[in-house]
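> structure for this input, please:
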Amino acid sequence: MNGTQAWFVARARRFENVGLVLAAVVLGVAVPEPGRYADVLVTPLVIFLIYGSLRGITLTDVEYGSYGLVILCSLAVSYLVLPFGGIRVANALLSGDALIGMAIMLAAPTTAGSAIIWTRLAGGDSKLAAFASISSLGVAPLLTPAVLSALLDRRVVMPIETMVVDLLVIVGGGVALLITIPDRLVSERLVDRGSGVAILLLIYSSIASVDVRAIDPASFGTVSLFVLFLLGGGFVLVRAISNVMGIDRSTYLPFFFTGGLKNLGIALVIAFTYRSAMVVVVIVTYYVLQQLVGAVIADVA
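Predicted coordinates for the structure are as follows:
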């Protein structure tokens, strides 16, 4: 394999999860019947994804004191600035189920695996990304339902208690697997492959359970442009905050990735409550575009 081929292979691997998502969407539309009976698998799949995201993370030799302010800023961007700033613009552009899907994604915690991977590929501080990701997941059972309730402002009836229980089960289950399964029993390669399969099955069952053919192309286009605007605006905001704080590139990159990239699995668990095609499509669209933006930032950085 020459240098050019190796370059293209390396770039293709960065978009492996995006390719899985798109393949699962196509399968969900083309062959929906089996996926309609896969609801029972959703929670175990997301638990495994949380486990896979956290596995292998080591927080030894971390200067917790120096990270504290950045972690707090990351959580503030993820749970306050991005959701409440974004929903103000979304209210002018989106309505109905599209707005609900966007609110769910904005209220979701950090997608730990992607945030850490993109930080590492961009040459940022991966330990900071790991610590920030764990912090985001840790507070998710409390903050995600509260933020989502505030974003929707009582316009939609939400099963808050069920949501809290689901989040506790998902996060707690992922941590329990991390504690009880020794790393030597399961190879990193197997976990990575398993996570890929879990993403595919999760997206497939979500798409198969709704009628995506009823989606208005214009609404889909508006959602896509808004997500790109939101992610781009989030990066500019993080850079501005970083300049004020005087932090360098290796710190502001994980700051952005942990503050702006949202957890697909947890968002879809919440979305299953609504049984709406548009809610699911908005969440999947956000995930795909955030992965593409993450890749671009990693390459540019």
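> contacts only, for residue 147.
Contact criterion C-beta atoms under 8 Å, 6 or more residues apart in numbering gives 79-80, 83, 106-107 as the residues in contact with residue 147. Any C-beta I mention is one placed from the backbone N, CA and C, and that applies to glycine too.
> in contact with the closest residue to it other than its chain neighbours, which residues?
If the residues on either side of it in the chain are set aside, residue 147 comes closest to residue 107, at 4.2 Å by C-beta to C-beta, 6 or more residues apart in numbering. Applying C-beta under 8 Å, 6+ apart to residue 107 gives the contacts 79, 83, 143-145, 147-148, 151.
> buried set for stretch 199-211?
Buried residues in stretch 199-211, counting neighbours by 16 or more other C-beta atoms under 10 Å, are found at 199-210.
> which ones among the residues you listed map onto helices?
Residues of the buried residues of stretch 199-211 located in helices (DSSP state H): 199-208.
> tell me the SS of residue 270?
Under DSSP: H, G, I helix; E, B strand; the rest coil, residue 270 falls in the helix class.
> which non-adjacent residue is nearest it?
Computed as C-beta to C-beta, 6+ apart, the closest residue to residue 270 that is not its neighbour in sequence is residue 104, at 5.1 Å.
> on that earlier part again, turn the buried residues of stretch 199-211 into a markdown table, including pLDDT and distance to residue 119.
What follows is the buried residues of stretch 199-211, written out as a markdown table (pLDDT from 0 to 100; distance: C-beta to C-beta, whole Å):
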| residue | pLDDT | distance to residue 119 |
| --- | --- | --- |
| 199 | 77 | 19 |
| 200 | 79 | 24 |
| 201 | 81 | 27 |
| 202 | 79 | 23 |
| 203 | 78 | 24 |
| 204 | 82 | 28 |
| 205 | 78 | 30 |
| 206 | 75 | 27 |
| 207 | 77 | 29 |
| 208 | 78 | 33 |
| 209 | 72 | 33 |
| 210 | 70 | 33 |
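> quick one: residue 260 from residue 150, how far?
The span separating residue 260 from residue 150 equals 19 Å under the rule C-beta to C-beta, to the nearest Å.
> ok, the two, which is more surrounded?
When residue 260 and residue 150 are compared for neighbours, residue 260 comes out ahead with 27 against 15, by other C-beta atoms under 10 Å.
> and residue 110, its phi and psi?
Recorded main-chain torsions at residue 110 are phi -60, psi 140, according to degrees, to the nearest 10.
> how many other residues sit next to the closest residue to it other than its chain neighbours?
Across the structure, with C-beta to C-beta, 6+ apart as the measure, the residue nearest residue 110 apart from its sequence neighbours is residue 136 (3.8 Å). With neighbours defined by other C-beta under 10 Å, the count for residue 136 comes to 27.
> please apply the same query to residue 22.
For residue 22, the tally of surrounding residues (other C-beta under 10 Å) stands at 14.
> for the residue lying closest to it once chain neighbours are set aside, pull up the helix or strand it's in.
Spatially, and ignoring its direct neighbours in sequence, residue 22 is nearest to residue 288 (7.0 Å; C-beta to C-beta, 6+ apart). Element membership of residue 288 [criterion: DSSP states H and E] is helix 277-300.
> what packs against that helix?
For helix 277-300, the elements it packs on are helix 16-30, helix 96-107, helix 112-121, helix 188-208, helix 217-245, helix 249-260, helix 264-271, judged by 3 or more C-beta pairs under 8 Å, 6 or more residues apart in numbering; DSSP states H and E.
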